[in-house]
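*Asks:* okay, sequence plus prediction incoming.
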Amino acid sequence: MRHFAVLLLIAILALTACKPSSVLTEIDASFKSLEDVFIAEFRNENRQIEKNTDLSLEASEALTGRYGTTLTLDVWEFKSETDCHTAYGTLTAIERQNQPREYNQTRAAESRYQFVRQTGIAGEIFTIKKILFRILATD
């Protein structure tokens, strides 16, 4: 679990530079609950976790973690990998409608979409088995 949190923190730090990165390549997804994904604090901001009711994507469970105005982490857990990849397609389509100024997308067993919005907010959407993640960060 600690390994996952360290890798997630590295990815978050990379995103706060507002440049797409490929830091998250191998993650140990052995956490026991979705709340375990959220680190306790980021840049002296404590986490605030709540149910994600804005964009449920028909997931079994959906949580949003906020760290002040610097970082938001959304996590969705689905019943199957197929449902997860369908939701990934929906979420990336929403981001593409925002016409990002930069983006990079890779698709394999685990899909990944990195982007920088016109507003300068950097983000990454990626899947790990039945879990879908979206990280949004400001510089």
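*Replies:* Happy to help now that I have it.
*Asks:* so, low pLDDT: which residues of this protein?
*Replies:* 1-31, 108-109, 139 (pLDDT under 70).
*Asks:* what comes up buried for stretch 82-96?
*Replies:* Under the neighbour-count criterion of 16 or more other CB atoms under 10 Å, stretch 82-96 has 83, 84, 85, 87, 88, 91, 92, 95 buried. C-betas here are computed from N, CA, C, even on glycine.
*Asks:* distance to residue 41 and secondary structure for those - can I get that in TSV?
*Replies:* Converted to TSV, the buried residues of stretch 82-96 look like this (distance: CB to CB, whole Å; DSSP: H, G, I helix; E, B strand; the rest coil):
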residue	distance to residue 41	secondary structure
83	32	helix
84	28	helix
85	32	helix
87	28	helix
88	28	helix
91	26	helix
92	29	helix
95	27	helix
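*Asks:* so which of these comes closest to residue 68?
*Replies:* Of all the buried residues of stretch 82-96, residue 95 has the smallest distance to residue 68: 22.3 Å, by CB to CB.
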